[in-house]
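Undergrad: need coordinates for the following:
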Amino acid sequence: MIRKLDHVGLVVRNSGETLAVLSKLFGFKAVESRPEPEAGFKSTLVSSAEVTFELIEPIGSQGMIQKFLEKRGEGLHHVSIQVADLDGEMKRLKALGVQFSSDEPAVIDGTKVVFVHPRSAAGLLIELVQRR
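TA: Numbering: from 1, shown residues only. The predicted structure follows:
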């Protein structure tokens, strides 16, 4: 069951510069930042009121985010939807023929996440997230 829109992921060249603009224009503040060196990017969650963006900045020149940036430029990467029961939601969606980025959700700091493959979602990359 869907709970709410969790966040929108944006690929950016420089998360500090993007945060400065979002802060000046709309009052966004960084609420969490974590490097993902094995995946080649840094993730920074920024929020203002009920709106949260994930600023995804490449680290190095070889990761998937750097390749995304080179091919498509800065902009929308994914939409994240918060669900109550990720395992149950995956089972329901698999029965509908949905493909995922992995067979099992990743667990990051107690939060479970998995991506719906774009070919199963009209070309959109959708992240499903179950927060603690």
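Undergrad: neighbouring contacts of the helix or strand hosting Glu89?
TA: In this assignment (DSSP states H and E), Glu89 forms part of helix 86-95. Residues outside helix 86-95 that contact it (C-beta atoms under 8 Å, 6 or more residues apart in numbering): 1, 83, 100, 105, 112-114, 116, 120, 128-130. (Each C-beta comes from the backbone N, C-alpha and C, glycine too.)
Undergrad: one more pass at 7 Å, please.
TA: With contacts defined as C-beta atoms under 7 Å, 6 or more residues apart in numbering, helix 86-95 is touched by 83, 100, 105, 112, 114, 128, 130.
Undergrad: ok, now stretch 27-47?
TA: Under C-beta under 7 Å, 6+ apart, the answer for stretch 27-47 is 7, 15, 19, 22-23, 48, 52-60, 62-66.
Undergrad: ChimeraX command to pick out the buried ones of the residues you listed?
TA: Buried residues within these, by 16 or more other C-beta atoms under 10 Å, are selected in ChimeraX with:
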select :7,15,19,22,52,53,54,55,56,57,58,59,63,65,66
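Undergrad: just the ones of the contacts of stretch 27-47 in strands?
TA: The members of these that map onto strands under DSSP state E are 7, 48, 52-58.
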